[in-house]
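# Pasted the sequence and its predicted model underneath.
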Amino acid sequence: MSPTTLPAGPEHGHVTFLGAGPGDPGLLTLRAVEALTNADVLVAGHEVLDVVRVHARSGVAVVDTDTESLSAPVPGTGAPQLTVVDGTSTTAPAPAVRDAAHLVMEAARGGRRVVRAVSGDPGLDAYAAEEMLACARAGVPFEVVPGVAAAVGVPAYAGVPLRDAQGADVRFVDARTASDRCWTEVGVSDGTVVVSTTLDSVGAAAGELVAAGRKPDTPMTVTVAGTTTRQRTWTATLGTIAQTLKQAKVLPSPEGGRPVIAVVGERSAAAQRDQLSWFENKPLFGWKVLVPRTKEQAASLSDQLRSYGAVPHEVPTIAVEPPRTPQQMERAVKGLVTGRYEWIAFTSVNAVKAVREKFEEYGLDARAFAGIKVAAVGEQTAKALIAFGVKPDLVPSGEQSAAGLLEDWPPYDPVFDPIDRVFLPRADIATETLVAGLIELGWEVDDVTAYRTVRASPPPAETREAIKGGGFDAVLFTSSSTVRNLVGIAGKPHNVTVIACIGPATAKTAEEHGLRVDVMAPEPSVHKLAEALADFGLKRRAAAVEAGDPVTRPSERRPGARRRRSTT
């Protein structure tokens, strides 16, 4: 996307200085999300943009202060022209935006609602304070939306409470700007010290505290990438932290300048971190999990995986296309309006989408379902119907499948059912289980191809290499077709990757393709499959801890290492 000048607007704009928190998108406040939703211009550094831009409205102008630059002054004004390059562009100019305050004010003067997002809390960001003063001097109205400060949020995610029942004093130090006097003050104190520093300066900060009077055996924790699934924490003492990081091969590091939060103190609960480390002890913490479904289909499953600490990566293996001969679908939809059917049964979200698109083509809406009973094969299909404005009359109380739907489907009764026909919109490759079962219950079925499923295009080369090279920790197969299609478009997953299948048929297909199945869902449900994978990860972690081994992800095993067959 090429640079574009921001459009002009009304005379009076507004600036919101917004705290994006320490990294976890879930820590954004409700007020922050509201401000982002209404923003015309979003200004932030690259990592902060990754957290906040998902909440911004479509069409918002995005300025990445890490990569974008102001163009030359507009002739006759002496002021920089405001140019924006979308963050996904690879042609953005390299120099960083140094005059962010000027950029923000120019946008606000053009009548735009500007959100200036910073990491942590704006009140603890020196640059944000300067930009606020610049706005105040220029008469540009602004507000501040506080965020979770890294110095508070990161220790909480690392399982290191900053105060105990005795109410220990807590001091906060930025090692990058701390004076000798500051180190002396925290050195003579016996309270907890939270140090903001960088990975390559942790040892120096520890040395400053020892020189200022702290005992070398004082407990210390160091956390990098806090509140994200890349978080890592090391526990040591002021005297041993440098050696601990060296043994862990953390220093020296090409990323040594990364910010970290260190907590120092006898009462900082560092010794209890094994019990209190709730975040890093999640069953799938940091696992990169391949979900071979579209983003729409995988939304709730990905959310569930994130709750276990995993990093889901969605790769579509099928693409949905209209039927080759649409006349049958057109006749069926018209039959809905003319009263041809007693029931309509939806067996997938794609079926709901296909009918909805046909409705929109004819200028119909959910009111066309009046007087018709609606069935959904499971929760996700039911949610898609509700989003369409239709509350299903029947959702399986047990297994969410065609068989489960038949278990609850009433037999045709000529006394109570004035019409004996069911409309079944479905995929071209669907099985005949539901059709045969409905006929057996006395119903006539219009079995209509609503959409076709075809193999999706191959994912990017980077993803294909990660699949074949062991870059993923696990892959979830939700059907036999996802196995066949993934192998067809991307190759066979590496032998270190944990293979999880939704049921026996899918597992058999995986084995036929040379894959070893480690996890199988206790029942055919994507959410039960995710639960089963989390249980597998929890047992794997417990086994490592019991054996005294470091807890690693499957992708961290030696290349070519063979897996033992799991009984899970």
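Noted; the coordinates are in hand. Residues are numbered from 1 along each chain as shown.
# out of all of them, which strand in the protein is the longest?
In the chain, assigned by DSSP state E, the strand with the most residues is strand 444-455.
# Please identify the buried residues of that one?
445, 446, 447, 448, 449, 450, 451, 453 (16 or more other Cβ atoms under 10 Å). For every residue, glycine as well, the C-beta is placed using N, CA and C.
# Kindly report the same for stretch 418-432.
419, 421, 422, 423, 424, 425, 426, 427, 430.
# can you list these in TSV and add distance to residue 239?
Below are the buried residues of stretch 418-432 laid out as TSV (distance: Cβ to Cβ, whole Å):
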residue	distance to residue 239
419	82
421	81
422	75
423	75
424	72
425	70
426	68
427	65
430	67
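# Could you identify the most distant pair in the residues you listed?
Longest distance between any two of the buried residues of stretch 418-432 is 25.0 Å, between 419 and 427; criterion Cβ to Cβ.
# Can you list the low-confidence ranges for this structure?
1-12, 67-99, 165, 167, 251-257, 267-271, 294-298, 430-431, 557-568 (pLDDT under 70).
# Next, find the distance separating the residue lying closest to residue 421 once chain neighbours are set aside from residue 392.
Excluding its sequence neighbours, the residue lying closest to residue 421 (Cβ to Cβ, 6 or more residues apart in numbering) is residue 444, at 4.6 Å. Distance, residue 444 to residue 392, by Cβ to Cβ, to the nearest Å: 21 Å.
# got the residue ranges for the strands in the stretch 151-300 of the chain?
170-174, 192-198, 219-224, 232-237, 259-264, 288-291 (DSSP state E, counting those that start in this stretch).
# ok so residue 423 is a helix residue?
No: assigned with DSSP: H, G, I helix; E, B strand; the rest coil, residue 423 falls outside any helix and is strand.
# That one touches residue 344, doesn't it?
Yes: Residue 423 is within contact range of residue 344, at 4.4 Å (criterion: Cβ atoms under 8 Å).
# list residues touching both of the two?
residue 336 (Cβ atoms under 8 Å, 6 or more residues apart in numbering).
# rewinding a little: how much space is there between the residue nearest to residue 421 and residue 330?
19 Å.
# try residue 370
Distance from residue 370 to residue 330, by Cβ to Cβ: 20 Å.
# Neighbour count for these two, which is higher?
The neighbour count for residue 370 versus residue 330, taken as other Cβ atoms under 10 Å, is higher for residue 330 (15 against 8).
# The residue lying closest to that one once chain neighbours are set aside: which element?
Among residues not flanking residue 330 along the chain, residue 358 sits closest, at 7.2 Å (Cβ to Cβ, 6+ apart). Element membership of residue 358 [criterion: DSSP states H and E] is helix 349-362.
# where exactly do the helices run in the stretch 301-450 of the chain?
327-338, 349-362, 379-388, 402-408, 433-440 (DSSP state H, counting those that start in this stretch).
# Please work out which residues outside the fourth one touch it.
Spelled out, it's helix 402-408. For helix 402-408, contacts defined as Cβ under 8 Å, 6+ apart pick out 345, 347, 375, 377-378, 394, 396-399, 431, 433-434, 437-438, 441.
# how close does residue 422 sit to residue 485?
Counting by Cβ to Cβ - residue 422 and residue 485 are separated by 30 Å.
# Now do the buried residues in the helix or strand residue 129 falls within.
Assessed by DSSP H and E, residue 129 sits inside helix 126-138. Of the residues in helix 126-138, those buried under the neighbour-count criterion (16+ other Cβ under 10 Å) are 128, 131, 132, 134, 135.
# just stretch 42-59 next, same as before
42, 43, 44, 45, 48, 49, 51, 52, 53, 55, 56.
# Then stretch 185-198?
For stretch 185-198, using 16+ other Cβ under 10 Å, the buried residues are 186, 189, 191, 192, 193, 194, 195, 196, 197, 198.
# Identify the residues contacting it?
For stretch 185-198, using Cβ under 8 Å, 6+ apart, the contacting residues are 150-152, 155, 162-163, 168-176, 205, 208-209, 211-214, 256-268.
# 6 Å - rerun?
151, 162, 168-175, 205, 209, 212-214, 257, 259-260, 262-265, 267-268 (Cβ atoms under 6 Å, 6 or more residues apart in numbering).
# which among these end up buried?
Buried members of the contacts of stretch 185-198, scored by 16+ other Cβ under 10 Å, are 151, 162, 168, 170-173, 175, 205, 209, 212, 214, 259-260, 262-265, 267-268.
# quick one: residue 46 and residue 52, what's the gap?
11 Å.
# now swap in residue 396 and tell me
The separation that residue 396 has from residue 52, given Cβ to Cβ, amounts to 40 Å.
# Then residue 517?
Look at residue 517 and residue 52: by Cβ to Cβ, they are 40 Å apart.
# next one: residue 536
Counting by Cβ to Cβ - residue 536 and residue 52 are separated by 34 Å.
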